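> okay, here's the prediction I keep looking at, along with the sequence it came from:
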Amino acid sequence: MVTITKDHFSIRQICESGQCFRLEELGKGEEEETYALTALGKYLEIRQKGKRITFGCSDLEFEQIWKNYFDLEGDYKKVIDSIDREDRYLMRAAGYGSGIRILRQDLWEMIVSFLISQQNNIKRIRKCIASLCQTYGEQKQTPDGRIFYDFPGPEILSRVPAAELYACNLGYRSRYIHETSLSVARGEVDLEAVKAMDHGQARQELLKLCGVGEKVAECICLFALHQTEAFPIDTHIRQVLDAWYQDGFPFARYKGYEGILQQYIFYYDLRKG
DNA sequence: CATCAGGCGAGAC
DNA sequence: GTCTCGCCTGAT
């Protein structure tokens, strides 16, 4: 177990912000919140009580994996302090979701997750992904015997007929997952190469995948590649931009970390604080 | 019971 | 290039 003290970190807000679909609430005690994450082939329990956060793993695992995954070195105070004081909407949004962090998630998992996310709600997205993992992912267990499932890789999913995916209630997204898995398994799109690309290149490469459009590509860049300049525009963000930024959003002022602000806006609008 | 969810691809022009 | 339209499914 590893316990740290951190500002600008809320495991609840990270969960609710909808960037990670395999982070779920286990329980809410007095003041203390418990969450479970399945990611990177591992299972991790996280407890938070105010600024104190406890990770259910060894020091080594924390240093090598989770510190980076949760972007604990990121300076979110600096981001929030940089916001234009006169921008009332952004100030409120950032204040409301100030514990959000942009995670560094697995590229393939983000591709499939955001294929599923389109025209879909978070609850059902979670259900679809859990179902995919249970059906096709490798079964594993923690040292204390808890069973969990890996996220199925492109090779596995490419061998699943689209019709079978339909049976998982993925709807019309079944075809996208099928086609995209084939593209990646065949090496038409090289994920290791994408990881080394800058934002413009990565975006262009991801757009080659069936079912990946502008919005989904930006989500993948932001949540897997940690390209914080990515700014996914979905229906929520569109509405906020139209209502509050008719003269244009000040992208230039926040160059390089627009994506972090996007998350504050998205979360604030979603939870309609 | 209707509407709509963190869009996208295909086809028309 | 830009526009429209249909789409699986289940939460609300």
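Yep, it's here. Worth saying up front: this structure is predicted, and the values here are computed from it rather than measured.
> now the helix or strand hosting A:Phe148, how far from the centre of its chain.
Following DSSP states H and E, one finds A:Phe148 within strand A:147-149. Relative to the centre of its chain, strand A:147-149 is centred 20 Å away, using C-alpha atoms, centre = their mean, to the nearest Å.
> same check, this time on stretch A:236-251
23 Å.
> identify the residues contacting it?
A:84, A:87, A:89, A:231, A:233, A:258, A:262, A:265-266, A:269-270 (C-beta atoms under 8 Å, 6 or more residues apart in numbering). Every C-beta, even on glycine, is put in place using the N, C-alpha and C of the backbone.
> over to stretch A:5-17?
A:20, A:23-25, A:33, A:35, A:46, A:48, A:51-53, A:70, A:72, A:76-77, A:80, A:97-101, A:103, A:263, A:266-267, A:270-271.
> got the buried residues for that stretch?
A:8-11, A:13-17 (16 or more other C-beta atoms under 10 Å).
> just put those residues in TSV and tack on secondary structure and pLDDT.
Formatted as TSV, the buried residues of stretch A:5-17 follow (DSSP: H, G, I helix; E, B strand; the rest coil; pLDDT from 0 to 100):
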residue	secondary structure	pLDDT
A:His8	coil	98
A:Phe9	coil	98
A:Ser10	coil	98
A:Ile11	helix	98
A:Gln13	helix	97
A:Ile14	helix	98
A:Cys15	helix	98
A:Glu16	helix	97
A:Ser17	coil	97
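> if we check DNA strand B, which of those are in contact?
Among those, the ones lying near DNA strand B by C-beta under 7 Å from any atom of the strand are A:Ser17.
> could the buried residues of stretch A:5-17 go into TSV alongside distance to A:Ala185?
What follows is these, written out as TSV (distance: C-beta to C-beta, whole Å):
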residue	distance to A:Ala185
A:His8	39
A:Phe9	37
A:Ser10	37
A:Ile11	34
A:Gln13	36
A:Ile14	31
A:Cys15	31
A:Glu16	33
A:Ser17	31
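> about what we covered before: and the next helix or strand along the chain from the strand holding A:Phe148, what does it pack against?
For strand A:147-149, the succeeding helix or strand toward the C-terminus, using DSSP H and E, is helix A:154-158. Where contact means 3 or more C-beta pairs under 8 Å, 6 or more residues apart in numbering; DSSP states H and E, helix A:154-158 is packed against helix A:122-136, helix A:173-185.
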